[in-house]
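1. coords below, sequence missing:
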């Protein structure tokens, strides 16, 4: 499969997108908190998908010779944080494979087509407010998971980054997360530029009349 050029500003794999200019990682259009070192490691691995990037290469690119740190501990910690952000475990890698004592390599597949731009506070169209749209899952799934408000959305992102399935199940049990079938019609009530999303009212199905917060890329 053809791969995007390493210089591309936006690198996508699975449901993730790495914005090299902004230094941000997104999952299904929602920004995931990721510190600088794990972000830079992911960017380096994505430059050479499928190839070994040695620990020494990472040391040279991430820590200068004049920086005095416990390199082994710092790198291992950064890799753990990266795995948490990608919701994977070291013994079951979906994206970042460890080659013991040698280094790491990206084993996922980069998307080779140009996707829709990530929504931002400056380019989010106001024209959707008041319109009826249809929900879609950008990965082609049958359902989408919607938080009922922005606070829940941020909590959901935090729990997903930590792979905290119990915490997520509690949100579902409290009906703070709604499972809605793709194709459901919703009415857009308000734009939330700070969170790159919209508040919508669900017009049909099990959760009819309830409101939720939806990333722009879920609306067509």
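-> Structure's in. What do you need? For clarity, every value in this text was computed on a predicted model and none was experimentally measured.

2. okay, buried residues for the longest strand along the chain please.
-> When the chain is parsed with DSSP state E, its longest strand is strand 185-192. Buried residues in strand 185-192, defined by neighbour count with 16 or more other Cβ atoms under 10 Å: 186, 188, 191, 192. No exception for glycine: its C-beta is placed from N, CA and C like everyone else's.

3. chain center to it: distance?
-> 22 Å (Cα atoms, centre = their mean, to the nearest Å).

4. from residue 19, how far out is residue 93?
-> Separation of residue 93 from residue 19 (Cβ to Cβ, to the nearest Å): 23 Å.

5. I meant residue 165, not that one.
-> 27 Å.

6. tell me which of these two has more neighbours.
-> residue 19 (17 against 11; other Cβ atoms under 10 Å).

7. number of nearby residues for the closest residue to the more buried one other than its chain neighbours?
-> Distance criterion Cβ to Cβ, 6 or more residues apart in numbering; nearest residue to residue 19, sequence neighbours excluded, is residue 10 at 5.7 Å. Using other Cβ under 10 Å as the criterion, residue 10 is surrounded by 17 other residues.

8. surely residue 10 touches residue 18?
-> Yes - taking contacts as Cβ atoms under 8 Å, residue 10 lies within contact range of residue 18: 7.1 Å.

9. next, count neighbours for residue 51.
-> With other Cβ under 10 Å as criterion, residue 51 counts 10.

10. what sits against the residue most central in space within the chain?
-> Nearest to the mean C-alpha position of the chain, counting by Cα atoms, centre = their mean, stands residue 27 at 1.6 Å. Going by Cβ atoms under 8 Å, 6 or more residues apart in numbering, residue 27 touches 15, 16, 157, 160.

11. relative to strand 185-192, how tilted is the helix or strand containing residue 180?
-> Taking DSSP states H and E as the definition, residue 180 sits inside strand 177-181. For strand 177-181 against strand 185-192, the angle by axes from the mean of the first three to the mean of the last three Cα atoms, to 10 degrees is 140 degrees.

12. got the contact list for strand 177-181?
-> Counting by Cβ under 8 Å, 6+ apart, 135, 142-148, 152, 156, 168, 171-172, 202, 205-207, 210, 212 sit against strand 177-181.
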